[in-house]
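>>> I'll drop the sequence and a predicted model, then ask my questions.
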Amino acid sequence: MNNSIAEINTYAKKWVLAAGERIKESFSKTLDIQAKSNPNDLVTNIDKETEQFLIGKIKETFPSHRILGEEGFGDKLMDLSGVVWIIDPIDGTMNFIHQQRNFAISVGIYIDGEGIIGLIYDVAHDELYHVVKGQGVYMNEKELPELRERKVSESIIALNATWVTENRRLKPELLAPLVRNVRGTRSYGSAAMELVYVATGRLDAYITPRLAPWDIAAGILMVKELGGIATDLRGKSLNLIKENSVLVTAPGLHQEILGGYLKDGNW
């Protein structure tokens, strides 16, 4: 790799912030909204334009780097060799359309399969969360503290009720005891933001049966940097080339949830 991590990080921050400004300018405009896999799986012209903007910057400056993007404008990847940018131009598109908040730009940068740089930009609140492996996690210029150990009984977890009713793997009989025993549950409609909230301690865990690589590539780097744990629902390592079930927790929670509530699931 001819480019330093610091150089890549500097450009990535600049481009993500610039993409955020372009999204803000779209707030007053009429969106072109389309459905993808189902009527609730939405994409807008802004999703597509944001991904194309970021890819254009990356290809112009780092032509040897490869890109995995949600909207399909990047490369077709079978592995994570070399430098790979994993991009979700707007994570939480439904929120973007309906609320103009609770969405984010998410960019994870992996080098030979290892997560090195993560950026999640909460556009509506102008909060850029960023991490370089081994150098801490920041919200804008403020460093985030290490995560504290938690127990289920004192935790707030992110869990989408839609998954419980529509996904046969997340059986209500498995999750009902967990929901009863935690302090509270939340659902924000953006995996990137929910992972950020685990990293900041606003949430203590996040559970979902299916996410794409671009949903988690940046956020899991932040959680792990601060002492949290990120695996699939079997406790195995996440695969950033395919869809995964996801269990992300603060320290102390992972084994309690995995062994006490999810062990009988057909993941």
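Sure thing, it's come through. These numbers come from a predicted model, not from an experiment. Numbers count the residues shown, from 1 in each chain.
>>> residue ranges of the strands in this structure, please?
33-35, 42-44, 66-69, 83-91, 104-111, 114-122, 127-132, 137-139, 142-143, 156-158, 184-186, 205-211, 229-231, 244-249 (DSSP state E).
>>> Same list, these, but as TSV with mean neighbour count, mean pLDDT and distance to Glu21 please.
All C-beta spots, glycine's among them, are computed from the backbone N, C-alpha and C. Shown next, in TSV, are the strands of the chain (neighbours: other C-beta atoms under 10 Å; pLDDT from 0 to 100; distance: least, C-beta to C-beta, whole Å):
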stretch	mean neighbour count	mean pLDDT	distance to Glu21
strand 33-35	12	62	21
strand 42-44	19	60	17
strand 66-69	22	94	20
strand 83-91	28	96	14
strand 104-111	27	98	11
strand 114-122	23	98	10
strand 127-132	22	98	12
strand 137-139	19	98	18
strand 142-143	8	98	21
strand 156-158	22	97	28
strand 184-186	14	95	29
strand 205-211	22	93	27
strand 229-231	20	98	30
strand 244-249	25	96	29
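>>> got TSV for those, with distance to Trp15 too?
Below are the strands of the chain laid out as TSV (distance: least, C-beta to C-beta, whole Å):
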stretch	distance to Trp15
strand 33-35	25
strand 42-44	20
strand 66-69	12
strand 83-91	10
strand 104-111	8
strand 114-122	9
strand 127-132	12
strand 137-139	17
strand 142-143	22
strand 156-158	28
strand 184-186	30
strand 205-211	24
strand 229-231	25
strand 244-249	26
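>>> Ok, which of these comes nearest Ser26?
With C-beta to C-beta, the closest approach to Ser26 among the strands of the chain belongs to strand 42-44: 8.4 Å.
>>> And the strands of the chain: which comes nearest Leu174?
Within the strands of the chain, the stretch nearest Leu174 is strand 205-211; the backing value is 10.4 Å (C-beta to C-beta).
>>> Compute the inter-axis angle for that closest one and strand 83-91.
Put simply, strand 205-211 runs at 100 degrees to strand 83-91, going by axes from the mean of the first three to the mean of the last three C-alpha atoms, to 10 degrees.
>>> which helices and strands sit right next to strand 205-211?
Counting contacts by 3 or more C-beta pairs under 8 Å, 6 or more residues apart in numbering; DSSP states H and E, strand 205-211 packs against strand 156-158, helix 191-200, strand 244-249.
>>> right, and the ones you listed - which one's nearest Arg101?
Closest to Arg101 of those is helix 191-200 (C-beta to C-beta; 9.6 Å).
>>> what is the mean pLDDT for the closest one?
Averaging pLDDT along helix 191-200 yields 98.
>>> Tell me which residues are up against that helix.
Defining contact as C-beta atoms under 8 Å, 6 or more residues apart in numbering, one finds that helix 191-200 is touched by 88, 91-92, 102-104, 106, 120, 122, 129, 137, 139, 144, 147, 158, 188, 203-206, 208, 211, 215-216, 218-220, 222-223, 225-226, 228, 246, 248-250.
>>> can you rerun that using 7 Å?
Residues from elsewhere that reach helix 191-200 (C-beta atoms under 7 Å, 6 or more residues apart in numbering): 88, 91-92, 102, 104, 106, 120, 122, 129, 137, 144, 158, 188, 203-206, 211, 215-216, 218-220, 222-223, 226, 228, 248, 250.
>>> still on that earlier bit, can you say which of the helices and strands packed on strand 205-211 is nearest to Ile55?
helix 191-200 (18.2 Å).
>>> biggest helix in the chain by residues?
Ranked by residue count, the top helix of the chain under DSSP state H comes out as helix 5-25.
>>> now the angle from that one to strand 127-132?
If you take the same axes, to 10 degrees, helix 5-25 sits at 160 degrees to strand 127-132.
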